[in-house]
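> Provide a 3D model corresponding to the input given below.
(2 chains)
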Amino acid sequence: MKILVCITHVPDTTSRIAFTDGDTKFDTNGVQYIIGPYEDYAIARAIELKESHGAAVTVVNVGGAETEPTIRKALAIGADDAIRINADPEDSFFVATQIANVAKDGDYDLILMGRESIDFNGGVVHGMVGELLGIPSVSPVMKLDIDGNVSKIAREIEGGKEFIELKMPFVAGCQEPIAEWKIPNMRGIMTARSKPLNVVDPVDSEHPDKLVKFELPPPKGTIKMIDPGQMDELVSLLKNEAKVL
Amino acid sequence: MSVIVFVEHDEGRIKKSSREAVCYASAIDAGDVIALVCGNAEPKEMELLGQNGADRVLHATESRLDHGDIQAYASVISQAMDNENADIVILAKSSVSDAVAARTAIKSNASFATNVTELPNTSDGFMVKRSIFTGNAFAWVKLLKAKKIIGISKNAVAYKEEGGSAEVSDFSPVLNESDFNSTVTGRDKATGVVLLPEAEIIVSGGRGLKGPENWGMIEDLAEALGAATGCSKPVSDLEWRPHREHVGQTGVKVSPNLYIAVGISGAIQHLAGVNSSKVIVVINKDPEAPFFNAADYGVVGDAFEVVPKLTDAVKAMRD
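Here you go, the predicted structure:
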């Protein structure tokens, strides 16, 4: 079995969000970058499937050279090799086009990624890659088991889960609790250094949309504290001042 | 020119979020609003989409669409766009719509934006405002292609119900075997409760409640308010509450009118899931809990005393 895991290189979830250049660029000052938390689940499940069923796991990322430490971390967790598509991940369509191009010749049985990136929260790349390759896509996946060439999946729906079966190959957007996150061990970190990380050029792609500017939400007003004995007052404020009851 | 709205239903009943999407399409004012419904929805429910601003309803009745495949839905939308000469498609965010829209965008060569929070700005091209960084920022994005697909967040437009009913006509798109690839073998779904993504009020509990046996008072308060119940990540990880109630960065992101957090300290990952709530009330015995910095109203006190009092006060107000 061959598994392709697509990862993002995104600001740590605790990062301060700020913008520069007239609100047109993300302020990277002091920001730590990580593998997106949803992709951490995707990698962990890929490694579990490698251990239980036998699989070659390749990770792919669309990004500049600065994303290589993030890619090496995925190798340290247990992926066998990696591909970095040397381009800025400007929009979902561009990223999906690059991933589909790498995937089309790779004969992958499974293409796993996160349900969405935690920076732009698009949640669309899995659907686009599936459509570009002419294969099914499914997200957000909470459970993924393999039985022959059929995969049994639990997908989150509003208020619960839906159980589905489909044949490989397909694309899956992953989320908890599909697998336990894996933390690289020392041996993993050592061997990651010598695993292949191939850098390829992007293919030409359109840009169907263009980022114009960023905006921060308005600052929160001051908090009103209510005495724990005065719950009538709280209800009255919610009803008459905030008008939410 | 027309605007198509992909309308979802739950056991035949049109989802509130999809009605909101019809309101959005109507507010854009870019031609006839055509609501597209797939599978076995109740006829009366479809007609009532007229109250939200639909001029017509297209009903793709084929039974295979009842448990529709994402690929099949994308084919249906794409064909409806061609038939109706529609340049714009609106969808409300759901566990189905983003993936359907993503595939439709490829099929129909359209620009696509998700998590759009307000009406487009068309003063210079066609620009939409998207929520990014899990609600911590916004991006203004210009959609450059002639065809545009917009996935909207809750509260992206003022909800309205007025006017009459819409005429429903059957729609029979050409669907192939290759559009149906997955088999739904079952569903495990909460019934008889308010679901988080659609809730106007949410009461959430955290580790401060000490154990699952203490959730009765959270449920009592939620019931008095007609609210959904939620929880923090540790509570769902500890399996005190089901995963579907986990609110936060890697759980459900919510935007209710009122979010009441009880015994939740307010880790940044939890705040990311609630920061687009209109009003936040925090009840915590620790005055230093970081959640107070994100709240509109705060109560420093013991949840076990405060919550039952609040429930009584809500009941008294409702009577």
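
> residues in contact with stretch A:193-200?
With Cβ atoms under 8 Å, 6 or more residues apart in numbering or on different chains as the test, stretch A:193-200 has contacts from A:68, A:71-72, A:75, A:79-86, A:102. Quick note: C-beta positions are derived from backbone N, CA and C, even for glycine.

> Go again with 10 Å.
Identification of contacts with stretch A:193-200 by Cβ atoms under 10 Å, 6 or more residues apart in numbering or on different chains yields A:58-61, A:65, A:68, A:71-72, A:74-76, A:78-87, A:98, A:101-102, A:188.

> State which one residue of the stretch 1-150 of chain B is found closest to chain A.
In the stretch 1-150 of chain B, the residue that lies nearest chain A is B:Ala102 (2.9 Å; Cβ to the nearest Cβ).

> any idea which element that residue lies in?
Per DSSP states H and E: B:Ala102 is located in helix B:97-107.

> mind listing the helices for chain A?
Using DSSP state H, the helices found in chain A span residues A:37-53, A:68-77, A:92-104, A:125-133, A:186-192, A:231-236.

> again with chain B
B:16-28, B:43-47, B:70-84, B:97-107, B:216-225, B:233-237, B:268-274, B:303-318.

> which of those helices has the lowest average pLDDT?
Mean pLDDT values for the helices of chain B show the minimum at helix B:268-274, a mean of 91.

> Residue 194: neighbouring residues, count only.
Picked chain A for this. A count of nearby residues for A:Ser194, using other Cβ atoms under 10 Å in any protein chain shown, gives 8.

> my bad, chain B
B:Val194 has 19 neighbours, counted by other Cβ under 10 Å.

> quick one: it and B:Val254 touch, right?
No: taking Cβ atoms under 10 Å as the definition, B:Val194 is not a contact partner of B:Val254, at 11.5 Å.

> where do the contact lists of the two overlap?
Both B:Val194 and B:Val254 are contacted by B:202, B:228, under the criterion Cβ under 10 Å, 6+ apart.

> end to end, how far does stretch A:195-204 reach?
Start-to-end span of stretch A:195-204 (Cα to Cα, to the nearest Å) is 28 Å.

> any idea how far B:Gly151 is from B:His246?
22 Å (Cβ to Cβ, to the nearest Å).

> Between those two, which is the more surrounded one?
Using other Cβ under 10 Å as the criterion, B:Gly151 and B:His246 rank with B:Gly151 on top: 28 against 25.

> residues near the residue nearest to that one when sequence neighbours are not counted, how many?
The shortest distance from B:Gly151 to any non-neighbouring residue, by Cβ to Cβ, 6 or more residues apart in numbering or on different chains, is to B:Thr114 (3.9 Å). Residues lying near B:Thr114 (other Cβ under 10 Å) number 25.

> Stretch A:130-145 near chain B anywhere?
Yes: Stretch A:130-145 lies within reach of chain B by Cβ under 10 Å from any Cβ of the partner chain, at A:130-132, A:134-140, A:142.

> Of these, just say which sits nearest to A:Asp91.
Distances from A:Asp91 to the residues of stretch A:130-145 next to chain B, taken as Cβ to Cβ, are shortest for A:Leu132 (14.3 Å).

> my read: the closest one touches A:Val95, true?
No: shown here, A:Leu132 and A:Val95 do not form a contact pair, counting by Cβ under 10 Å, at 11.1 Å.

> of the two, who's got more company?
Shown here are A:Leu132 and A:Val95; by other Cβ under 10 Å, A:Val95 has more neighbours (29 against 19).

> so how far is chain B from that one?
According to Cβ to the nearest Cβ, to the nearest Å, A:Val95 stands 12 Å off from chain B.

> Report the contact partners of that residue.
Neighbouring residues of A:Val95 by Cβ under 10 Å, 6+ apart: A:6, A:8, A:61-63, A:85, A:87-89, A:113, A:117, A:120, A:122, A:124-125, A:128-129, A:202, A:205.

> what do you get if the cut-off is 7 Å, keeping everything else the same?
With contact set as Cβ atoms under 7 Å, 6 or more residues apart in numbering or on different chains, A:Val95 has these partners: A:62, A:89, A:125.

> Kindly report the same for A:Lys143.
A:153-154, A:178.

> which one among these gets closest to B:Lys145?
Distance to B:Lys145 across those (Cβ to Cβ) is lowest for A:Ile153, with 32.2 Å.

> Model confidence for the closest one, exactly?
A:Ile153 is assigned a pLDDT of 97 by the prediction.
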